Every structure is written in structure tokens, then in C-alpha cells.
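*Asks:* can't give you the sequence, but here's the structure:
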């Protein structure tokens, strides 16, 4: 058995892990990132299929900010990672849409469109929505809350009617709530700003561009990314964390471990007790179709379309393999791009039940996948684009795939319902980053890694 020494070990080369490692390497920390797979990215990575590079998980990079927007979260992130805005080559959305039980509103990266749509669809709730905007803009969502505050209850307190509240909740729950039927108010504020006040964009060419930039920055600063390296255990002693042991028996000593594996997974690696209520439930079924013509030519004008057939969003673990009433549809080629697209790509997502997918035998598994794909295609057809007649290729994946490639228990994409804003764990110097620290999505994960590195290592070193 061999042993080596680092200052900091980061578990997972997702967005939070790479961001934390870059930040620490900038301050001369010896940083080693351990990634169990050959490719970085975690939930937001890519793969090749029949000559095409396809993203996993990328509907949108939220929190869009134009170059020079000084106080925007994206600007602050890029500054701390020393990445130029132009390097990302971000293409903005045109517009997106929320459709809920016959109600429909559009939004874009300009909040004025959403305001106008709400005034048209909900003319009596103009003042209530204005109060919501003021509250979202003035509230500090990063200040620790004394107790849980329900987003649903807060919307009622601000005077929003149930229909408008559900319309706004649909994309916010879909893009980041690990709670059933609700969101914590601070999370609602963060996500409202991310989706509606800042908006959607996509790096030119997909997620690989961003990952390549992050990996290059890590290397330039002297950090090391070790792929195909699975952590078998987090080692600790009376004084706190002391390193990790890999599956091959290698032990690596360090002063700090930053884990993006998730609260439950990190606890198991560290030999800590795991509570059932810590496990996340939000997992996904996803289908995608490569279309022979661009989506706009086929009548799909929206970049992302959030659809719910029920008047109240059923944001809970479905009884069957997928929740049949909710679909999220993303036409990736509708983002602005430097070259006009020659093909279309439609990605469709449904919330799913991990256990239902895992109980299927291998013979029934592909049949169940086709049935779920057809259901989402039927929903898309009702919205104006049936992808099946125009598809030249397709693919799909289930919670089984997510669990296998991320290591997240039950394939949970938003982590535990219980968040740890300070990243602290019962073991000194073992720090959570990523979803279970409390920030989701690409931009949120980047911010999580930077914030925890600053708080636990760089601030401590400065003081």
C-alpha cells in the first residue's frame, strides 16, 4: 500500500469540485481532485453517440450576465476563477415559456417580458407581483434563517393568487427544490433571481467548453485532476480528517477534504451514521431527439418550456416510473449561436422514481424506457412539436444511469432536502460543497465551491 501527501483533496470533478480546486490552487495549496470517471463534470458532463457530442443535464446555464455587469454572480465567479467572459461564448435564450393547466406565460433574460405576460394573464395581480419583485430584490437569501420559511406560504402572504403562485413555482421547483411540494424561501429567492432576473444561456458548443476551461485553469495553477480514481473511504482521527483511501488501497494524506459527493454519500465514506430523512428523492428520466431540421423551422420557438397539466404542481416522488403531468422541454439549438444550426435537438425531462426503475428486469427495462420516451413525445406534440417524425437519432437515460455515473444515492440530482449552508460536517476539516451545501445548477455549484474554499481555507489562512 502506497501513501502520498496533499494539502487539500477534493472529491469529485463536478462544477463545485473544480471551482474549489482552482480557487485553492491560486493560493499555492497543493490540491488533488479525485474523479471516479474518465470525464469531469458530474451531473453536467457529455458523451459521444454516433459521432455527435451530447450534453448530460444541460438545459441552461442560469444566472446569465452580460460582459461588464459588475455585481452579477456570474461576473464574480469568473473573476475569482480568473476566467474571461468571452471565453465562455455564451449564447442567450430567445424566450422560454411556462404552461400550467391552460395558463401560459413567456419569459426571457429581460424581466420586462415576464412582467408584461403576467399583467396580460393575471391583470388583477400586478401589484402583488410587484411586491414579490421588490421582496426578491431586497431579501438576503444567504443570511441563515432562524427557522424554515415556506415559499408557498410567503407567496400567499405577498398576495399572489394560487394560479400565479403555481406558474412561478413550476420552473423554480423543477430547477432546484429537493423538498416535496414546496421550496425553502431563501432557495426560492436564489432561484427566482437565477431564472427570471438574470436568465438562461448556453456555452457555444455545450458544456465541454466550460469543462475544458475549468480543467485548463486547474492545471495552470498547479492543481492535479486524477481521473478513474474512486474514493473508498474518508479517513479521520481525533483531530479531524486526515486523508482518503482509494479503491486500489492507496492512502493519500491531507489537511482538508472537500466533498461534492453529497451529504449521505460523504457520511458513508467517513463512517458516519446516515439518517433516512437525509436521502434525496428528486431524480430524472430524460429523453433527447436529434432533429433533421432546426427546432424553429419545425415550429418550436421556445428555448425551454416548462409544462404541467395539473393546476397545482405535483412536486413529489411519483408513484409510477415518471410523473406523467410534468415535462420540461429544451430546444438546445434555440440558444443564440455563432453559426446557424443545421440540426435541431429537443431534450425532454420528467421527474422519476428511482426504485421503480431499479425493480425492472433487464428484458423489461428498454420497453419501459420507450414508453417513457413516447409519453414525453406526446406531451411535446401537444405543445406544438412531435419530435418523432423528424428524429434522425435519439437516446434516453433513467435514474439507474444517474446513480451509476454520479454515485448519488437513489440518483438524487438535487441532493438532500436538508442543506448545510456552512458546509460543516461532524468531522473537522471535512467540508461539503455542491448540492448539499445548498446551491444547485451550474452557476450555483461553481459558487458553492468558491464560497466554501474561501470560508474554510482561505479566510482561515488570512486570519
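*Replies:* Structure received. What you are looking at is a predicted structure, and each value in this text was computed from that prediction instead of being measured.
*Asks:* what residues of the helix ranked longest in the chain count as buried?
*Replies:* Counting by DSSP state H, the longest helix found in the chain is helix 365-383. In terms of neighbour count (16 or more other CB atoms under 10 Å), helix 365-383 has its buried residues at 368, 369, 372, 373, 375, 376, 377, 379, 380, 383. All C-beta atoms are positioned from the backbone trio N, CA, C, and that covers glycine.
*Asks:* now distance to residue 11 too, for these, in TSV please.
*Replies:* Output for the buried residues of helix 365-383, formatted as TSV (distance: CB to CB, whole Å):
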residue	distance to residue 11
368	32
369	31
372	32
373	34
375	36
376	33
377	38
379	37
380	37
383	40
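*Asks:* can you add pLDDT and distance to residue 27 and give these back as JSON lines?
*Replies:* Compiled in JSON lines, the buried residues of helix 365-383 are given as follows (pLDDT from 0 to 100; distance: CB to CB, whole Å):
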{"residue": "368", "pLDDT": "98", "distance to residue 27": "49"}
{"residue": "369", "pLDDT": "98", "distance to residue 27": "46"}
{"residue": "372", "pLDDT": "98", "distance to residue 27": "47"}
{"residue": "373", "pLDDT": "98", "distance to residue 27": "47"}
{"residue": "375", "pLDDT": "98", "distance to residue 27": "50"}
{"residue": "376", "pLDDT": "98", "distance to residue 27": "46"}
{"residue": "377", "pLDDT": "98", "distance to residue 27": "50"}
{"residue": "379", "pLDDT": "98", "distance to residue 27": "49"}
{"residue": "380", "pLDDT": "98", "distance to residue 27": "48"}
{"residue": "383", "pLDDT": "96", "distance to residue 27": "49"}
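*Asks:* stretch 434-445: end-to-end distance?
*Replies:* 5 Å (CA to CA, to the nearest Å).
*Asks:* over to stretch 382-397?
*Replies:* OK, stretch 382-397 end separation, CA to CA: 23 Å.
*Asks:* so which strand or helix has the residue lying closest to residue 427 once chain neighbours are set aside?
*Replies:* Of all residues not flanking residue 427 in the chain, residue 236 sits nearest, at 4.9 Å (CB to CB, 6 or more residues apart in numbering). Element membership for residue 236, per DSSP states H and E: strand 231-237.
*Asks:* can you list the buried residues in that strand?
*Replies:* Buried residues in strand 231-237 (16+ other CB under 10 Å): 231, 234, 235, 236.
*Asks:* mind checking pLDDT for the first one?
*Replies:* Residue 231 carries a pLDDT value of 97.
*Asks:* and for the second one?
*Replies:* According to the model's per-residue confidence, residue 234 sits at a pLDDT of 98.
*Asks:* how many other residues sit next to the closest residue to it other than its chain neighbours?
*Replies:* Counting by CB to CB, 6+ apart, residue 234 lies nearest to residue 270, which is 4.1 Å off, once chain neighbours are set aside. Under the neighbour criterion other CB atoms under 10 Å, residue 270 is assigned a count of 19.
*Asks:* now do residue 450
*Replies:* For residue 450, using other CB under 10 Å, the count is 22.
*Asks:* how close does it sit to residue 106?
*Replies:* 33 Å (CB to CB, to the nearest Å).
*Asks:* also residue 410?
*Replies:* 35 Å.
*Asks:* in the stretch 1-150 of the chain, which spans are helices?
*Replies:* 15-25, 73-81, 85-88, 111-121, 126-138 (DSSP state H, counting those that start in this stretch).
*Asks:* pick the most deeply packed of those helices.
*Replies:* Highest mean neighbour count of the helices of the stretch 1-150 of the chain: helix 15-25, a mean of 29 (counted as mean count of other CB atoms under 10 Å).
*Asks:* packing partners for that helix?
*Replies:* strand 8-11, strand 31-34, helix 73-81, helix 207-220, helix 441-453 (3 or more CB pairs under 8 Å, 6 or more residues apart in numbering; DSSP states H and E).
*Asks:* tell me the gap between that helix and the middle of its chain.
*Replies:* Chain-centre distance of helix 15-25: 17 Å, with CA atoms, centre = their mean, to the nearest Å.
*Asks:* that one vs helix 207-220, what angle?
*Replies:* 20 degrees (axes from the mean of the first three to the mean of the last three CA atoms, to 10 degrees).
*Asks:* between the two ends of stretch 374-393, how far is it?
*Replies:* Where stretch 374-393 begins and where it ends lie 14 Å apart, using CA to CA.
*Asks:* what about residue 288, how many neighbours?
*Replies:* 25.
*Asks:* list the contacts of it.
*Replies:* Residue 288 is in contact with 54, 345, 346, 347, 348, 394, 395, 396, counting by CB atoms under 8 Å, 6 or more residues apart in numbering.
*Asks:* where is pLDDT lowest across these?
*Replies:* Among the contacts of residue 288, residue 54 has the weakest pLDDT, 83.
*Asks:* so residue 293, which of the three states?
*Replies:* In terms of secondary structure, residue 293 is coil; the call rests on DSSP: H, G, I helix; E, B strand; the rest coil.
*Asks:* next one: residue 38 from residue 229, what distance?
*Replies:* For residue 38 relative to residue 229 (CB to CB), the value is 10 Å.
*Asks:* give me the more crowded residue out of the two.
*Replies:* residue 229 (20 against 8).
*Asks:* what sits closest to the more buried one if chain neighbours are left out?
*Replies:* Using CB to CB, 6+ apart, the closest residue to residue 229 is residue 34 (4.5 Å).
*Asks:* circling back to that earlier point, switch the buried residues of strand 231-237 over to a markdown table; also include distance to residue 420.
*Replies:* Putting the buried residues of strand 231-237 into a markdown table (distance: CB to CB, whole Å) gives the following:
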| residue | distance to residue 420 |
| --- | --- |
| 231 | 19 |
| 234 | 16 |
| 235 | 21 |
| 236 | 17 |
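*Asks:* returning to what we had before: a markdown table please, covering the helices of the stretch 1-150 of the chain and showing mean pLDDT and distance to residue 182.
*Replies:* A markdown table is the format used below for those (pLDDT from 0 to 100; distance: least, CB to CB, whole Å):
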| stretch | mean pLDDT | distance to residue 182 |
| --- | --- | --- |
| helix 15-25 | 97 | 25 |
| helix 73-81 | 95 | 24 |
| helix 85-88 | 96 | 33 |
| helix 111-121 | 97 | 21 |
| helix 126-138 | 97 | 16 |
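*Asks:* quick one: which of those is nearest residue 242?
*Replies:* helix 15-25 (18.0 Å; CB to CB).
*Asks:* circling back: export the helices and strands packed on helix 15-25 as JSON lines, with columns for distance to residue 283.
*Replies:* Shown next, in JSON lines, are those (distance: least, CB to CB, whole Å):
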{"stretch": "strand 8-11", "distance to residue 283": "21"}
{"stretch": "strand 31-34", "distance to residue 283": "24"}
{"stretch": "helix 73-81", "distance to residue 283": "27"}
{"stretch": "helix 207-220", "distance to residue 283": "20"}
{"stretch": "helix 441-453", "distance to residue 283": "16"}
